[in-house]
Structures are given as C-alpha cells and as structure tokens.
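1. Fold the stuff below for me.
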Amino acid sequence: MRIIKLTVLLLLCAGWSYGQHTFTIAGGNLDISANTSLVLKDTDWKNNSGSETIGAGSVLFTGSAADISIGGTTATQFSMLLIDNSNDVFAEQNLTVLQELEFQNGKLDLQNANLILEGTVTNLNPDRYVKTSGPGVVIRELASGAEYLFPVGKSSYNPLVLQDPDGSGDVFEVRVSDAVLSDGNSGAPLTADAVGRSWHVGGSGGEYPDLLVRAGWSSPDELSGFDRNAAYVARYTGSWDLLVASTASGSDPYSLDRMGGSVPAIYAVLNGDFTPPSALCQDITVELDAGGMASITPMQIDDGSSDENGIASYALDIEDFDCADLGSNIVTLTVTDVMGNSAGCTATVFVEDNTPPVVTAELILIEDQTFEVQFDATDNCDPDPELEAVMEIPDLTQPEITFKTKGKKKIQIDLTENTVKVEAPDPVAFWAEVSAVGGVAVFAGQEIELETGPQHKYQFNFHNNGDLKNILAPAFVLQVIATDASGNSATATAEPEFPESITGGSGTTAKLSKKANPVGRNSNLTDPTAIGQLAVFPNPFTTGTTVQFELPQAGKVQLEVFDLEGRQVRVLQTAALEAGMYSVDWDGRSGSGQRLPAGNYFVRLISGAETQVKQVVLAW
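-> Next up is the predicted model:
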C-alpha cells in the first residue's frame, strides 16, 4: 500500500512537534484519493468541517499514545479505516466505514458513538475488535442470505453473526455487555451456568422466524458450572425463553447458533431457564372438623400460577390449622419451575368452626318419682360450651294468662281451657323468662319430683329459693341447648323412664340415656313376638328412608337413631301406640336439623322389654 503524508495549509495541526497531536479539519474538504493513505501517529482526529466525506483513500491510526480519539463536530465517513494503536482508539463522534475496517493493533472503542459498518472487517482476534464500553452500537444492514459479522466485545471479544435469509435491507444494531441480568436489562447478574455476556440487538423491530443468531465467546467468559455441551442461545423479551440444548462449536473461541429471533431483544448463552414462574394466590375459607383440625393443599391456594416451561412443584409454609388459628391466617405459596426457579405469593386462610357441640341430657331415677337432672357438652374447640337446660312447658297459642304476686313461684297450665296461672314475686318477669326459653330453668345435679297427671294439665311447683321442686304433668321433657364460642349450638332432650311399679305399664313416654350403646343390653333381634320385625327401606338411602315396624299389642314405643360411637343423633318416635303397623320417615338429619355425615347408623326400636336394632347406610 502506498502511503502519502500530507501537509496542507487548511489543516490545523496542534502540538505537532512532540507527544500527542491533533489532526483537525477546520473547514473546506479533505479528499484522500483512492489507493492512498493518511497516516496519523499518536494523533487525534477532529472533523469540524461540516462534511462527512473524506474521499476513497484510507486513514491509519498508529502509534502507542493513550486516549487517541476520533471526534469533532461532524461525523466522518471513512472509506477504509485502519487501527494500529496499542492503547486503543476512542470514538467521540459517529462514524461510518464504507469498504473495510482493518485491525492491526488495539481496539476501536465506540463509547457513546455509533459505527455504521457497510464493508468488511479484517484481522480480528481477542485483542482486536470493536469495543462497546458504553451505549454505542455497531450498525449493519443485512442483505438477503448473507451472514454478517458484528465484531463486538467489551472486556473480551464476543462477536455476533446475524443472517436473515428473507432480509431485504433490514438494519440491525448490536452491542455487548459483560453480564447476564436475570431480568434482561435489570435484576441480579447470573453467577453460574451461563456465558457472562449479553448481546443487545436493536434496529428494525419485529419477529424474524428464520433469523440465524450466532454468539461467540472464549472460555474465560464462562461462569461457574457452565456446560458448553448442553447450552443454548436464550432470548429475553420479558422473560428468558428455553430451547433444546446443544453442543457449542469451535475450540476456544466457541460459538453457538439459534434459529429464530426478534428485535429488540437481548441474547445470552445459558444452560437453563433463569426466569422465575408467575405465582398467583387466592384467599380461601376452611372449616375445622369434629377434632378441631383442618388441612389445606397448595392447589387450594394456587390461583393459576404459570411458567413458560412448566411448574415442577407447589409448597405451602403452613398446611395444618387448629382451634388456635380461628380467624385470618397468612400463608405463603412457593412455586418452583422445572429449572429450579422459584417465586412466591401470600394468601389469607380464614379458619372457621362450624361444628356444633355434642350434648347429652338425662333424667336419672333416684327413687320412686324423684329424678336427678344431668347434662353435659363437649366441643371441638370450646372447652366449656355455654349450657341452657329447661324442663319444657307445652306449646301454647295465645293463652289467657293470670298473674298473681306471691312470695313463692308456681305455674299452672290447662290445655283444655288454654289458660296459664303464674305466681311469683314478679310474675310478669318470671313468665317472660320461662316463655322465652320454652321451659323452667334447671341445673345439673338438681333433683325434681315428677308425677304423672291428667293429659291436659301441667303444674310446676318451686322451692322457697326459686328452684324447681316438682312437676305434675302428662309428659316430661328435659331440653338442653349447648352453644360454643363460635356460636354453634346443639340440642338434646331426655324424658324420664318410670319404674313399672309407678306407671303400671300405662305408657308414659320414656327415653334412655344417650350414652347407651345402641346394640347394647336387652337386644333381641330374632324374637318378633313382642315387636313385629323392624324394617328400613330403601337401605342404603340418600334423601330419605322409611322405618317400618308392627306392634302386636298396644304399648310405649321409642324409635331412635345412633351413630357408630353410640351417640344418639335423632329421636324418630316416642309415644304410646295402639297395636298395628307403623311407618316413620327419616330424612338423614339430626335432631337439630343438620345434615348428618354419610356413613353407617343404627335404628333402635324399644317397646316394653323388647329391643330391635337395624343398621342403615346413609349415602348422600
């Protein structure tokens, strides 16, 4: 190559004698003829002429001076640009290379400037390339079919090759950064399983399904754990995509291709997916069971979490709840994708107790006609449910009530006359209390005399202290209501069972203790002499079943339902019946009207000294 050194009056050369110089085009036109070169040793370039064109010749930057720059107020179009400076050359103004960019020594650092590259690039190696230390980019126009090299790098040489078979003048811009950030342009830098470089590609925006993207790197660029035999060129457009891994080509330096891309986008060479899934949660409500426990699963909290490459697992920090957790509880759902990336979200679990207490009631015969009132309740959460116990008064419809103020209480009810007589220190308030709860209040351990009287009359007599003393009535019912701290309530009733010597077999309604085993003593399933054979149909049943039995003679009948633990759950019939065939319907509900759980139950029929039991299956 023939080198011509120029000294022209219109060119201003500052500090020409020693050290670093500046070659300034202050005005006019510089025309470097074809096949000639302008050699600038340790000299800066400043184009202030207003004209970008300097002819078809070449400009060579040579020497070893630091901070040699290509700048000025006007961008420059170099036909041929040669870089031969061991301390690099820095671009301070945009520049264009029309034919050839040749490296002999050092790098061209774009900093904030852009390089439009229309020709070829030669003599590249790990120490000679276009450095993108700032936002400056290399710009190339891709013609159809050809591969175009972007000779870029930052702290090392990381070229990018692009090929668009269907291209028709699409323009691409490329720069390199020395890190792969988890969110593309932000987030924490990856520290393993990747090449520590990102290629930022801009230009003519859109999808390029046939675009070839070939990324290049050297072994020092690889982060810890990176496997070049199982890698792929990933693209970030809101998240890192995941492609089938393949083996890199070359032998230090290496390269890896991908087909299909888009602009703008960030590309990196990865071993896997580093984008966390999208975790979505929803609030739920759970009910404690009869044991005061409730459990949830991650899928109950999940509200459509997703990941581009699939979710491997869901996990909750809290899955089990008990009575101490009633109310609002915050749980965290952790979602992990197939590549081990995790994300979390929180939700509120509202824990409710809707299980009513289990209540028992008994009238225990002490002697003759004296009975002891006994009742109790247990609850899954409340250790001490509130209990309200009364001896029931009969149902009344707009009775005529007479109040009399006396020191001792008494209540007389005549169903035939539909009258009520109330005596008490404050009879109006006393009757209001009794009618509000449907009976006279009693307490556990209280002893009451019960005497069978006429069918239409009830009389309640009291001690001087106001406690119930005795009742004269055709029937007696103890009602107990238990209410727990969550407001759930349950009711149990009991009726006295008089000795035969007192009732004379006349048929006073009786109910046995709820704690009795339904298949307990006095069972006689094979002898139908006292009771016709007990039948239940349909069995199993869903919405309802019919219990059928036959009485060969008149007598008192008690028909009850028990669960497998021997607890009474429903009284179907308590009455003195004439001889004949009877049918009683059961809707599968408890005495309080609640749907019972599906399962096995026992129907027990007692008449006189005989007992029959039939197992029935409730299947909602």
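2. Where do the strands of the stretch 401-550 of the chain begin and end?
-> In the stretch 401-550 of the chain, the strands defined using DSSP state E, counting those that start in this stretch lie at 410-414, 419-424, 439-441, 447-452, 457-462, 468-473, 478-483, 489-494, 535-537, 545-551.
3. again, but for the stretch 251-400 of the chain
-> Along the stretch 251-400 of the chain, the stretches classed as strands by DSSP E, counting those that start in this stretch are 254-270, 284-287, 293-295, 311-316, 320-322, 327-337, 342-352, 358-367, 370-378, 386-392, 400-405.
4. In TSV, list those strands along with distance to residue 556.
-> C-betas here are computed from N, CA, C, even on glycine. Rendered in TSV, the data for those read as follows (distance: least, Cβ to Cβ, whole Å):
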stretch	distance to residue 556
strand 254-270	85
strand 284-287	40
strand 293-295	42
strand 311-316	57
strand 320-322	45
strand 327-337	49
strand 342-352	42
strand 358-367	16
strand 370-378	17
strand 386-392	19
strand 400-405	33
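5. Can you add mean neighbour count and give the ones you listed back as a markdown table?
-> As requested, the strands of the stretch 251-400 of the chain are exported to a markdown table (neighbours: other Cβ atoms under 10 Å):
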| stretch | mean neighbour count |
| --- | --- |
| strand 254-270 | 19 |
| strand 284-287 | 13 |
| strand 293-295 | 14 |
| strand 311-316 | 16 |
| strand 320-322 | 14 |
| strand 327-337 | 17 |
| strand 342-352 | 17 |
| strand 358-367 | 19 |
| strand 370-378 | 19 |
| strand 386-392 | 19 |
| strand 400-405 | 12 |
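6. Which of those strands sits closest to residue 39?
-> Residue 39 lies closest, by Cβ to Cβ, to one member of these: strand 254-270, at 35.0 Å.
7. who does that closest one touch, helix- and strand-wise?
-> Contact here means 3 or more Cβ pairs under 8 Å, 6 or more residues apart in numbering; DSSP states H and E; on that basis strand 254-270 packs against strand 198-217, strand 232-236, strand 249-250.
8. now these as a markdown table including mean neighbour count, mean pLDDT and distance to residue 451?
-> Written out in a markdown table, the entries for the helices and strands packed on strand 254-270 read as follows (neighbours: other Cβ atoms under 10 Å; pLDDT from 0 to 100; distance: least, Cβ to Cβ, whole Å):
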| stretch | mean neighbour count | mean pLDDT | distance to residue 451 |
| --- | --- | --- | --- |
| strand 198-217 | 19 | 94 | 96 |
| strand 232-236 | 22 | 94 | 92 |
| strand 249-250 | 12 | 94 | 107 |
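9. The ones you listed: which one's closest to residue 398?
-> By Cβ to Cβ (comparing all of these), the closest turns out to be strand 232-236, at 82.0 Å.
10. Now do that closest one: which elements does it pack against?
-> Using 3+ Cβ pairs under 8 Å, 6+ apart as the contact criterion, the secondary-structure elements in contact with strand 232-236 are strand 254-270.
11. Next, the angle from the strand it packs on to strand 198-217.
-> 150 degrees (axes from the mean of the first three to the mean of the last three Cα atoms, to 10 degrees).
12. dump the residue contacts of residue 97.
-> For residue 97, the contacting residues are 78, 79, 80, 81, 115, 116, 117, 118, 119, taking Cβ atoms under 8 Å, 6 or more residues apart in numbering as the criterion.
13. I'd like the helices and strands packed on strand 254-270 laid out as JSON lines, including distance to residue 565.
-> Output for the helices and strands packed on strand 254-270, formatted as JSON lines (distance: least, Cβ to Cβ, whole Å):
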{"stretch": "strand 198-217", "distance to residue 565": "68"}
{"stretch": "strand 232-236", "distance to residue 565": "62"}
{"stretch": "strand 249-250", "distance to residue 565": "74"}
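14. for those, which one sits closest to residue 181?
-> Counting by Cβ to Cβ, residue 181 lies closest to strand 198-217 out of the helices and strands packed on strand 254-270; the figure is 7.2 Å.
15. May I have the closest one as PDB, with CA atoms only?
-> These are the backbone C-alpha positions of strand 198-217, laid out as PDB (Å, rounded to 0.1, in the frame of the first residue of the first chain):
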ATOM      1  CA  SER A 198     -25.300 -10.300  26.800                       C
ATOM      2  CA  TRP A 199     -25.800  -9.300  23.200                       C
ATOM      3  CA  HIS A 200     -28.200  -6.300  22.900                       C
ATOM      4  CA  VAL A 201     -29.800  -6.400  19.500                       C
ATOM      5  CA  GLY A 202     -31.900  -3.500  18.100                       C
ATOM      6  CA  GLY A 203     -32.800  -2.000  14.800                       C
ATOM      7  CA  SER A 204     -35.700  -2.900  12.500                       C
ATOM      8  CA  GLY A 205     -38.200  -4.200  15.000                       C
ATOM      9  CA  GLY A 206     -40.200  -7.300  14.500                       C
ATOM     10  CA  GLU A 207     -40.200 -11.100  14.600                       C
ATOM     11  CA  TYR A 208     -37.600 -12.900  12.400                       C
ATOM     12  CA  PRO A 209     -38.500 -16.600  12.400                       C
ATOM     13  CA  ASP A 210     -35.600 -17.500  10.100                       C
ATOM     14  CA  LEU A 211     -33.000 -15.300  11.700                       C
ATOM     15  CA  LEU A 212     -29.700 -17.000  12.400                       C
ATOM     16  CA  VAL A 213     -28.100 -15.700  15.600                       C
ATOM     17  CA  ARG A 214     -24.600 -17.000  16.300                       C
ATOM     18  CA  ALA A 215     -23.000 -15.900  19.600                       C
ATOM     19  CA  GLY A 216     -19.200 -16.200  20.100                       C
ATOM     20  CA  TRP A 217     -17.100 -16.300  23.300                       C
END
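16. Not counting its neighbours along the chain, what's nearest residue 417?
-> For residue 417, the nearest residue in space outside its immediate sequence neighbours is residue 400; the separation is 7.7 Å by Cβ to Cβ, 6 or more residues apart in numbering.
17. Find me the pLDDT at the one you found, would you?
-> Reading off the confidence values, residue 400 has pLDDT 95.
18. Just list whatever residues bridge to it.
-> Listed by DSSP bridges, the beta-bridge partners for residue 400 are residue 419.
19. Okay, it and residue 426: tell me how far apart.
-> 20 Å (Cβ to Cβ, to the nearest Å).
20. before we move on, the earlier item: when you check the contacts of residue 97 against the strands, which ones overlap?
-> 78, 79, 80, 81, 115, 116, 117 (DSSP state E).
21. quick revisit: could you dump the strands of the stretch 401-550 of the chain into CSV and include distance to residue 335, mean pLDDT and mean neighbour count?
-> As requested, those are arranged in CSV below (distance: least, Cβ to Cβ, whole Å; pLDDT from 0 to 100; neighbours: other Cβ atoms under 10 Å):
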stretch, distance to residue 335, mean pLDDT, mean neighbour count
strand 410-414, 67, 96, 18
strand 419-424, 68, 96, 19
strand 439-441, 57, 97, 19
strand 447-452, 64, 93, 18
strand 457-462, 67, 96, 19
strand 468-473, 64, 95, 20
strand 478-483, 42, 96, 22
strand 489-494, 42, 95, 21
strand 535-537, 51, 89, 15
strand 545-551, 48, 91, 18
